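Undergrad: Pasting the sequence and the predicted coordinates here, then a few questions.
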Amino acid sequence: MLSGMRAFVKAVLIIAVAAGASAGYVYFVRKFGGEGRRRAPTSAVFAERATIRIPEANYTSRVEVARTNEDRQQGLSDRATLPPGTGLLMVFEQPDTFGIWMPRMRFSIDVIWMSVGNVVDVTERLPVPQRGETYLPIFRPRSPALLAIEVPAGTVAQYGIHAGQRLEVVFDGQ
């Protein structure tokens with residue numbers, strides 16, 4: 001009986017923490033992240049960078065944060081490389097199956113899709129477009145995601161990252 005009660009209390013606490021995190025995120029997006037707001041040169045709303053941790057995979061990454069439509073559309077296009085342990089965090093306004101495409105990309109990437117503290121899907125080794133290619137595929141998660149992190153190709157396999165793993169996002173300044 002006692003173990004059942006502990007499991008119930010643990011589940012209630014997890015739901016409360018997730019609800020609080022979601023409410024806090026919505027508050028900050030509404031207060032600081034309106035698309036009509038004038039953006040700082042860094043394109044950051046309340047943080048330029050964040051740290052991503054997936055403890056079960058022993059994975060940590062320092063990422064840039066893309067919050068606006070313009071920053072998400074630019075993504076990693078036109079960059080020469082993406083060093084190991086780095087990435088680009090795409091922050092969406094609400095969970096959905098948003099797509100990522102690869103215009104003007106020079107290297108392959110993996111995408112880790114996240115929502116409310118968990119990895120919901122991974123997409124590995126997105127292909128670099130061929131010269132002159134006009135149709136580019138759009139890559140989407142299987143489940144709605146609130147965040148997506150673009151990381152160097154091979155990261156997902158190297159660390160064994162998969163759906164269901166707990167994920168922590170700490171924005172600079174928090």
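TA: Arrived safely, thanks for sending.
Undergrad: what about the residue nearest to the spatial centre of the chain, which helix or strand?
TA: Closest to where the C-alpha atoms of the chain average out (Cα atoms, centre = their mean) is residue 148, at 2.6 Å. Take DSSP states H and E as the rule and residue 148 turns out to sit in strand 145-152.
Undergrad: So what touches that strand?
TA: Here strand 145-152 makes contact (Cβ atoms under 8 Å, 6 or more residues apart in numbering) with 25, 52, 61, 63, 75-76, 82-84, 86-92, 94-98, 100, 107, 109-116, 120-121, 141, 169. For glycine as for every other residue, the C-beta is placed from the backbone atoms N, C-alpha and C.
Undergrad: redo that, cut-off 7 Å
TA: 52, 61, 63, 75-76, 82, 84, 87-92, 95, 98, 100, 109-116, 120-121, 169 (Cβ atoms under 7 Å, 6 or more residues apart in numbering).
Undergrad: Adjacent strands (with direction) for it?
TA: Each strand paired with strand 145-152, and its direction, by DSSP bridges: strand 86-96 (antiparallel), strand 109-115 (antiparallel).
Undergrad: on that earlier part again, buried among the contacts of strand 145-152? Make that a ChimeraX selection.
TA: Under the burial definition 16 or more other Cβ atoms under 10 Å, those of the contacts of strand 145-152 that qualify are selected in ChimeraX by:
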select :52,61,63,75,76,82,87,88,89,90,91,92,95,98,100,109,110,111,112,113,114,115,116,120,121,169
